[in-house]
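Student: Build me a model:
(2 chains)
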Amino acid sequence: MEEEEDGAAEEQQRFSYRQRLKAAVHYTVGCLCEEVASDREMPFSKQTIAAISELTFRQCETFAKDLEMFARHAKRSTINTEDVKLLARRSNSLLKYITEKNEELTQFNTEQKAKKKKQLENDNTKSVAPAEAEAAGKDGS
Amino acid sequence: MEGTGGGFRKDLVSKLLRLHFTDSKTKVSGDALWLMAELLTIFVVETAVRSVRQAQAEDLALVDVDQLEKVLPQLLLDF
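Tutor: The predicted structure follows:
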């Protein structure tokens, strides 16, 4: 009896978590649709926005399962950008867009890395400089 | 480099994907998450724009579920 109650509570918790994620998707879809609506001067009915949200939420399931299988096929347990590119294979223009975005991202990452490296080098020279000055002072005396 | 304006947030995408993974050991790299957020944003905007175009073709003032239903089959074939 107690076990049954525990199971029910867990089920209830999982359901409410799912509902919260759905609400978050609904909010994001609402914002995006609002943008499109004001851009094209064509409003959406509330039901349409709800339907697009539900559609997006369910499409996520397909995406997640595909990504997991792609990674496993490559004998990895971490999904990387190559898997996402494979997900966008069905439409040429989409694949091109995603590939471009990926290149932008890698370029941004390398730039960030270079900046960090430079800062690290600067910090090093700063900490080295006083020591050298001290050494020079000792030599002088 | 955050997602464009009103797009999907990375933590939401992460939770959405994790909800459907069959293996709990599966992880997602940060770059892949960012790219997935971009892909989902494209998916929603593409759906919205195609529905708007359908409504315009039917000379309507409001996009309703009927217009979404009409563009849905081709949309799902493209993603």
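
Student: which intervals of chain B have sub-threshold pLDDT?
Tutor: B:1-5 (pLDDT under 70).

Student: Heading C-terminal from the top helix by length along chain B, find the next helix or strand.
Tutor: Longest helix in chain B, counting residues (DSSP state H): helix B:30-57. Downstream of helix B:30-57, the first helix or strand assigned by DSSP states H and E is helix B:65-78.

Student: which residues does the nearest residue to residue B:36 once chain neighbours are set aside contact?
Tutor: Using C-beta to C-beta, 6 or more residues apart in numbering or on different chains and skipping residues adjacent in sequence, the residue nearest residue B:36 is residue B:13, 5.1 Å away. From N, CA and C alone the C-beta is placed, and that goes for glycine too. Contact analysis of residue B:13 by C-beta atoms under 8 Å, 6 or more residues apart in numbering or on different chains lists B:33, B:36, B:37, B:40.

Student: The same query, at a cut-off of 6 Å, please.
Tutor: Residue B:13 makes contact with B:33, B:36, B:37, according to C-beta atoms under 6 Å, 6 or more residues apart in numbering or on different chains.

Student: what do you get for residue A:115?
Tutor: Contacts of residue A:115 by C-beta under 6 Å, 6+ apart: none found.

Student: Does it lie in a helix or a strand, and which?
Tutor: Element membership for residue A:115 (DSSP H and E) is helix A:92-140.

Student: how near is the closest residue to residue A:106 other than its chain neighbours to residue A:82?
Tutor: With sequence-adjacent residues excluded and distances taken as C-beta to C-beta, 6+ apart, residue A:106 is closest to residue B:31, at 7.7 Å. Noted for residue B:31: a distance of 10 Å to residue A:82, by C-beta to C-beta, to the nearest Å.
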